[in-house]
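>>> requesting a structural model of the entry that follows:
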Amino acid sequence: VSYGMAARTAIWPIQMAREEGIRVGLLRLVTVWPFPDERIRELAGRVGGIVVPEINMGQIVREVERCAAGQAEVLLVPHPGGGIHDPQEVLSAIRRAAGRKVEE
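Prediction:
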């Protein structure tokens with residue numbers, strides 16, 4: 001779940017994860033509010049984990065956690081300071097959410 005530039009930087013890691021056989025998708029928010037509570041609840045009931053890359057310390061992750069309501073692990077990938085994520089950071093979080101072993 002992401003929005004803005006963070007959603008764009010998630011595209012490559014998603015493609016790489018799919019090549020590894022991980023079933024993964026992207027819910028790209030066009031606007032942050034109103035928040036898609038029902039959609040997040042539905043997804044949380046169907047997935048093992050939800051990755052939230054943000055170019056800050058977590059603006060929407062709390063809303064995702066609230067909507068997921070413990071049905072799925074929510075992993076924040078923060079990136080403060082205005083730059084974009086290293087795609088490997090997002091790919092590692094996707095692997096963790098999928099229950100794969102991740103080298104630190």
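>>> any low-confidence regions in the protein?
Within the chain, the segments meeting pLDDT under 70 span 104.
>>> where do the strands of it begin and end?
Under the criterion DSSP state E, the chain contains strands at 2-3, 28-29, 49-54, 73-78.
>>> most tightly surrounded among those?
Of all the strands of the chain, strand 49-54 has the most neighbours on average by mean count of other C-beta atoms under 10 Å, namely a mean of 24. Quick note: C-beta positions are derived from backbone N, CA and C, even for glycine.
>>> could you dump it to PDB, C-alpha only?
Provided in PDB are the C-alpha atoms of strand 49-54 (Å, rounded to 0.1, in the frame of the first residue of the first chain):
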ATOM      1  CA  GLY A  49       1.600  -9.200   5.100                       C
ATOM      2  CA  ILE A  50       1.100  -5.700   3.900                       C
ATOM      3  CA  VAL A  51       4.200  -3.600   3.000                       C
ATOM      4  CA  VAL A  52       3.900   0.200   3.300                       C
ATOM      5  CA  PRO A  53       6.800   2.100   1.800                       C
ATOM      6  CA  GLU A  54       6.600   5.800   2.700                       C
END
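>>> if we can go back for a sec, how about the strands of the chain, which one is nearest Ala98?
Among these, the nearest to Ala98 by C-beta to C-beta is strand 49-54 (6.8 Å).
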